[in-house]
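Peer 1: Predicted model, plus sequence, below.
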Amino acid sequence: MLESLMKFVLVTVLLLIHASTGFRCTFPSLWEGEYFHLRYSRPLVVSNDSITEKGKCVWNHGSQYVLQSRDWGEDCWRCMSIYRKHQNVLQYKESDCEIRSQMSGPIEELCSRIAGDGSMHSMFRKNALPTKCPLKGPFMFSYVKGGTGPACSFPKSYMDTCRDNKRIQMHFQACIDVQGSESTSAEVSCIASWREGSKGYFVGELVSEYMYSEERRYKCFVYEHHGKGINRTVKMAESAEATCEGLWSPTEGYNYKTFHMDRVVGSEDRCVFPVWFSKHHSWTSLDLETSLHVNTGLRSFRLRRRRGQDDSQHTCQAVLEAEEDKEEVDRNSVKMVHYVKSDCDSGYICTSISKVSDSVVSVLFGDQARNPQEACTSMYFYNPRAELLVSRAHKSSACPLNGRYTLEPVVSAAGLLPLTGCTDPGATALLSAGCGKRGLRVETRCPTNLTRTEFVCHAHWTTESGTSRLLLSERSRDRFLCLSYTESGGSVSVGSCGTEEVPTFKLIQSGPCLQALSSVSGSSSLQLVFTWIVYLSVIQSLYQCIQF
């Protein structure tokens, strides 16, 4: 009894001496703020000299801090060893909070009672600004849910960083033979990262409007790199709860998921665009809704669409049909797999690029795949989207049409609107072109007025079916027109350049110069009055001349 009383008096005296010395214990100012802590209903607030739920600082040395608080109505003291892993993460170990009767010496002795194998608790700063993610994709990966059991490895899952490198997109595949695997996606915002020896850690915040619980929102990840060069892989584990506690390595600890990731590497040595494509750095579609810019290095381009879509970056991943491997007749086309990224969306698209003329190319875009090996298969390239692109550095050229022609509407068609703007069924129009000039003129007599429209010829080519295409631009305003015609047949269509549609009007030659409409010369026996029925498809849209 006497011994206990003496111990109590001694501790009280030591505490009074400590308080009378005027020692002021404070935390670094960079620590201040609100933090999420697992199993605490409210945020822990770190101020200048206290931590809510832990107490007020009364002594410190290095990373060790003794805090005084009240527990069950009595004053008690605990020691905390606190480590700042990142501006948004604090980790600590702590001793029990002891009352005076339990203490037998100076308060700093409490720090020696922290167990070496004690739990390392985590505190994540609330409303933290995103930081750069330590892993840069894309990766194909297999995963094990629960940390044990068979891996879901076929089909492979996909992970990539977003364009800002501060978020990660994970696309999990479901495996038929693995129970618990599921097809789902998750976006993770990186808020902290640090290294401990060969291991790296990062803390992510799940981005989802349906994630109401903070205990489900935060995740801690540990990873290690293995191998070198193209054989380099990453092993990673995700914490089971919103803490880094117990996450010792990618293969040890309390893991919710473990990952085996292979970085996708393209064949950069062969991924160079054909000269006929890359020499024109800027391209645009006929309707001006799509623009394409070939980047420096000639193995990637930026695709921009006007209507509600983000810019996408296309980088060559592999060439499937290189120019040098093809017959002479097909050397003007190439098929490639592109790695495509637009904000947080990324994947692989099969792209076929064909030379139409010196300033016109046709591009086929497949659907986006997660696996580059599947991009050009029939699963994703069965119905590719076609774009006809014109170089912004295009120049005018001689028109293949030579002479004067009468435009006559086809019965039930919508007049001459595509070329002239006149819809009156009784209107007449005259087209004159060629004879060494680079222009084409359409004169229309409507009941109330006479109009004259001037066009410039830019490109001319012939399809495999024998149909001729003529690309025009209007002098007075910005728009493109594409004419399609043949020397035989009897219909005209309105639609995109390259499609065969219902005819709208015919073209009848009514005067010199005499030359075949498809620009084939040498037909000297042609008569002055000779009637051709032509295919004429017209796309009307805005055209914008952009000078570089």
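Peer 2: Here it is on my side, so go on.
Peer 1: residues touching the residue minimising distance to the centre of the chain, list them.
Peer 2: Geometric centre of the chain, nearest residue: residue 342, 2.4 Å, by CA atoms, centre = their mean. By CB atoms under 8 Å, 6 or more residues apart in numbering, residue 342 lies in contact with 163, 309, 310, 311, 312, 313. For every residue, glycine as well, the C-beta is placed using N, CA and C.
Peer 1: Return the item of the residues you listed having minimum pLDDT.
Peer 2: On pLDDT alone, residue 309 ranks lowest of the contacts of residue 342, at 66.
Peer 1: quick one: pLDDT of the residue nearest to the centre of the chain?
Peer 2: At residue 342, the pLDDT recorded in the model is 92.
Peer 1: Please apply the same query to the one 10 residues further on.
Peer 2: With respect to pLDDT, residue 352 scores 95.
Peer 1: Can you get me a residue count around it?
Peer 2: 19 (other CB atoms under 10 Å).
Peer 1: Now do the helices in the stretch 301-450 of the chain.
Peer 2: With DSSP state H, counting those that start in this stretch applied, the stretch 301-450 of the chain shows helices at 417-420, listed in chain order.
Peer 1: ok, now the chain?
Peer 2: 2-20, 214-217, 275-278, 417-420 (DSSP state H).
Peer 1: Which strand residues bridge the closest residue to residue 141 other than its chain neighbours?
Peer 2: Leaving out its chain neighbours, the residue that sits closest to residue 141 by CB to CB, 6 or more residues apart in numbering is residue 261, at 4.0 Å. Applying DSSP bridges to residue 261 gives these bridge partners: residue 141, residue 234.
Peer 1: didn't residue 261 look like it was pressed against residue 139?
Peer 2: Yes - counting by CB atoms under 8 Å, residue 139 is a contact partner of residue 261 at 4.2 Å.
Peer 1: what sits in contact with each of these two?
Peer 2: Taking CB under 8 Å, 6+ apart as the contact rule, residue 261 and residue 139 both touch 159, 234.
Peer 1: Report the separation between residue 310 and residue 283.
Peer 2: As judged by CB to CB, to the nearest Å, residue 310 and residue 283 stand 19 Å apart.
Peer 1: Can you pick out the residue with more neighbours from the two?
Peer 2: residue 283 (25 against 13).
Peer 1: Tell me the pLDDT of the more buried one.
Peer 2: Residue 283 is given a pLDDT of 94.
Peer 1: out of everything not next to it in sequence, what's closest to residue 52?
Peer 2: Nearest to residue 52 is residue 45, by CB to CB, 6+ apart, at 4.6 Å.
Peer 1: mind checking how far the one you found is from residue 33?
Peer 2: 8 Å.
Peer 1: Which one's more surrounded, these two?
Peer 2: More crowded of residue 45 and residue 33, by other CB under 10 Å: residue 33, with 18 against 14.
Peer 1: Show me what the more buried one is bridged to.
Peer 2: What pairs with residue 33, by the bridge criterion (DSSP bridges), is residue 46.
Peer 1: Tell me if I'm right that it and residue 46 touch.
Peer 2: Yes - contact criterion CB under 8 Å: residue 33 and residue 46 qualify, at 6.1 Å.
Peer 1: Hmm, residue 314 is touching residue 303, no?
Peer 2: Yes - at 6.0 Å, residue 314 counts as touching residue 303 under the criterion of CB under 8 Å.
Peer 1: Any chance you could list residues touching both of those two?
Peer 2: Joint contacts of residue 314 and residue 303 (CB under 8 Å, 6+ apart) do not exist.
Peer 1: who does the residue lying closest to residue 188 once chain neighbours are set aside bridge with?
Peer 2: Leaving out its chain neighbours, the residue that sits closest to residue 188 by CB to CB, 6+ apart is residue 204, at 3.7 Å. With DSSP bridges as the criterion, residue 204 is bridged to residue 190, residue 219.
Peer 1: Check the contacts of residue 342 and tell me the two furthest apart.
Peer 2: Greatest spacing in the contacts of residue 342, by CB to CB: 163 and 309 (13.9 Å).
Peer 1: mind listing what the residue nearest to residue 188 touches?
Peer 2: So residue 204 contacts 168, 188, 189, 190, 191, 218, 219, 220, 221 (CB under 8 Å, 6+ apart).
Peer 1: rerun at 6 Å
Peer 2: If a contact means CB atoms under 6 Å, 6 or more residues apart in numbering, then residue 204 has 188, 190, 219 as its contacts.
Peer 1: ranking the residues you listed by neighbours, who comes first?
Peer 2: Most crowded among the contacts of residue 204, counting by other CB under 10 Å, is residue 188 at 26 neighbours.
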